[in-house]
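[1] Turn this into a model:
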Amino acid sequence: MILADKIINERKKNGWSQEELAEMLSVSRQSVSKWEGAQAVPDLNKIIKMAEIFGVSTDYLLKDEIEISDRIEGIEESENNNNIRKVSLEEATKYINLIKKNTPSAVIATILLTLCPVALIQLSGIASNPNSLLPVNIAVLIGLIILFISVAVGSVIWIGIELKEKEFKYLAYEEFETLYGVDGMIKEKKKAFDIKRIPCLFISVVLFVLSPIGVITAALLNASALTVITMVSLLLIMVAIGSGLIIYIYRIDRSYDNLLKEGRVSKEQKKAKKVKSRLGGIYWCIVVAIYLILGNLFDLWYLSGVIFPVAGVLFAAYIGIVKIFSDKD
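    Numbering: from 1, shown residues only. Coordinates of the predicted model:
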């Protein structure tokens with residue numbers, strides 16, 4: 001048995017993740033991953049440290065012919081090892097197929113939630129035109145109805161996905177062991193997914209980079225308010241498509257990483273992400289409320305071409321401030 005296999009076996013016997021072992025050895029998770037994949041060999045100091053942590057001799061780790069760990073007296077294996085859940089090849093395949101099946105719905109939900117204000121922005125812009133036959137109040141009402149329907153449908157889709165995938169939530173942050181053949185199968189699938197991941201990532205980046213060009217060009221050319229508003233709508237459409245592609249990449253990649261225990265987050269980190277997501281929802285509700293107040297009380301509907309792009313820029317600063325305070329806590 002080679003060193004790589006021994007590190008994997010001893011780590012799993014103790015119920016540790018790659019991140020936990022890396023922290024004990026003061027190295028990166030990537031280093032542990034390379035050791036276990038036989039892509040690199042730890043230096044002598046790390047081998048000695050691992051022998052101490054695992055409670056075995058350095059001879060056992062270094063000599064391939066020694067197959068049985070000669071455990072150092074007084075150091076016992078983790079009592080929790082027998083309680084660790086085992087993930088079979090069948091269960092891993094079921095999880096991956098479920099994620100793939102639900103991912104198109106997740107992409108649609110993401111696009112709906114991103115595009116929810118487009119109808120409100122566009123209809124308000126059309127109604128604010130002096131020659132328009134569409135009353136502003138009617139335009140706002142229709143836009144709000146479409147906005148709320150989009151949010152409701154998108155939210156229901158996400159809730160449905162969460163419920164369907166609930167049984168596999170433990171893969172994200174609880175300890176488990178993969179049985180023989182699972183890791184190899186996942187690594188092959190992840191490698192094959194690169195064929196789709198790279199072009200999708202490239203397209204999404206291009207869409208994000210090009211999305212503000214229409215708004216900037218319209219502003220520089222002193223285009224009409226309706227043209228600027230239309231460019232804002234186009235910006236959101238491009239961002240929505242790019243976000244959909246990112247969600248597609250993230251979900252598939254994350255399913256592989258969860259099974260390989262790569263890039264995992266704790267329950268506390270998961271909770272912090274949910275809090276930030278909710279704060280983001282509150283932020284955009286406030287932005288829409290300000291827009292409606294300015295429109296109804298001061299008849300400034302044309303400002304939609306300014307309010308939403310500025311709000312989008314400030315949103316990044318808002319999230320940064322939230323992160324700073326959450327990190328301090």
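[2] quick check, E177 in a helix?
    No: looking at E177 with DSSP: H, G, I helix; E, B strand; the rest coil, it is strand, so not inside a helix.
[3] Pull the number of nearby residues for it.
    The number of residues packed near E177 is 14, by other CB atoms under 10 Å. To be clear about C-beta, it is placed using only N, CA and C from the backbone, and glycine gets the same treatment.
[4] Check the gap between it and L235 for me.
    Note on E177: its distance to L235, by CB to CB, to the nearest Å, is 47 Å.
[5] quick check: mean pLDDT across the helix or strand hosting L61?
    For L61, the element it lies in under DSSP states H and E is helix 58-62. What helix 58-62 shows for mean pLDDT is 80.
[6] buried sites along it?
    By neighbour count on 16 or more other CB atoms under 10 Å, the buried set for helix 58-62 is Y60, L61.
[7] burial count for L44?
    Other residues close to L44 by other CB under 10 Å number 10.
[8] State the distance from the spatially closest residue to I246 that is not a sequence neighbour to V228.
    Leaving aside its chain neighbours, I246 sits nearest to S204 (5.3 Å; criterion: CB to CB, 6 or more residues apart in numbering). Distance check for S204 against V228: by CB to CB, it reads 25 Å.
[9] F176 now?
    F176 sits 53 Å away from V228, going by CB to CB.
[10] between those two, which one's more packed in?
    Each of F176 and V228 has its neighbours counted (other CB under 10 Å); V228 has more, 23 against 17.
[11] Need the CA coordinates for whatever helix or strand M50 lives in. CSV is fine.
    Secondary structure assignment for M50, by DSSP H and E: helix 44-54. Output of helix 44-54 as CSV, limited to C-alpha atoms (Å, rounded to 0.1, in the frame of the first residue of the first chain):
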residue,chain,number,x,y,z
LEU,A,44,9.8,14.4,6.2
ASN,A,45,8.6,16.9,8.8
LYS,A,46,5.0,16.5,7.6
ILE,A,47,5.3,12.7,7.6
ILE,A,48,6.6,12.8,11.2
LYS,A,49,3.7,15.1,12.1
MET,A,50,1.2,12.8,10.4
ALA,A,51,2.5,9.8,12.2
GLU,A,52,1.9,11.6,15.5
ILE,A,53,-1.5,12.7,14.5
PHE,A,54,-2.6,9.3,13.2
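[12] just checking, what packs against it?
    Under the contact criterion of 3 or more CB pairs under 8 Å, 6 or more residues apart in numbering; DSSP states H and E, helix 44-54 touches helix 3-13, helix 18-25, helix 58-62.
[13] again, only this time at 10 Å
    Under the contact definition 3 or more CB pairs under 10 Å, 6 or more residues apart in numbering; DSSP states H and E, helix 44-54 sits against helix 3-13, helix 18-25, helix 29-36, helix 58-62.
[14] and G160, how many residues sit next to it?
    Using other CB under 10 Å, G160 is surrounded by 13 other residues.
[15] From E162, how far off is the residue lying closest to it once chain neighbours are set aside?
    Spatial nearest neighbour of G160, excluding adjacent residues (CB to CB, 6+ apart): S105 at 7.4 Å. S105 is 11 Å from E162, where distance means CB to CB.
[16] These two: which is more packed in?
    Per other CB under 10 Å, whichever of S105 and E162 has more neighbours is S105, with 14 against 11.
[17] Do a quick rundown of the strands in the chain.
    Along the chain, the stretches classed as strands by DSSP state E are 85-87, 176-178.
[18] Just send those back as JSON lines, with distance to L259 and mean pLDDT too.
    Shown next, in JSON lines, are the strands of the chain (distance: least, CB to CB, whole Å; pLDDT from 0 to 100):
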{"stretch": "strand 85-87", "distance to L259": "7", "mean pLDDT": "81"}
{"stretch": "strand 176-178", "distance to L259": "6", "mean pLDDT": "80"}
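[19] Let me have the ones you listed in TSV, adding distance to R254 as columns.
    Formatted as TSV, these follow (distance: least, CB to CB, whole Å):
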stretch	distance to R254
strand 85-87	16
strand 176-178	16
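[20] closest to V41 out of these?
    When the strands of the chain are compared by CB to CB, strand 176-178 sits nearest V41, at 23.4 Å.
[21] Quick one: residues contacting V27.
    L21, K34, W35, P42, K46, K49 (CB atoms under 10 Å, 6 or more residues apart in numbering).
[22] Of those residues, which pair is most distant in space?
    Pairwise distances across those peak at 16.5 Å for K34 and K49 (criterion: CB to CB).
[23] Compute the number of surrounding residues for the nearest residue to S28 once chain neighbours are set aside.
    The spatial neighbour of S28 that comes closest, neighbours along the chain excluded (CB to CB, 6+ apart), is A22 at 5.9 Å. Applying other CB under 10 Å, we find 18 residues neighbouring A22.
[24] And E165, how far from Q18?
    23 Å.
[25] and the two? which has more neighbours close in?
    Q18 (23 against 18).
[26] The more buried one touches D257, doesn't it?
    No: contact criterion CB atoms under 10 Å: Q18 and D257 do not qualify, at 11.1 Å.
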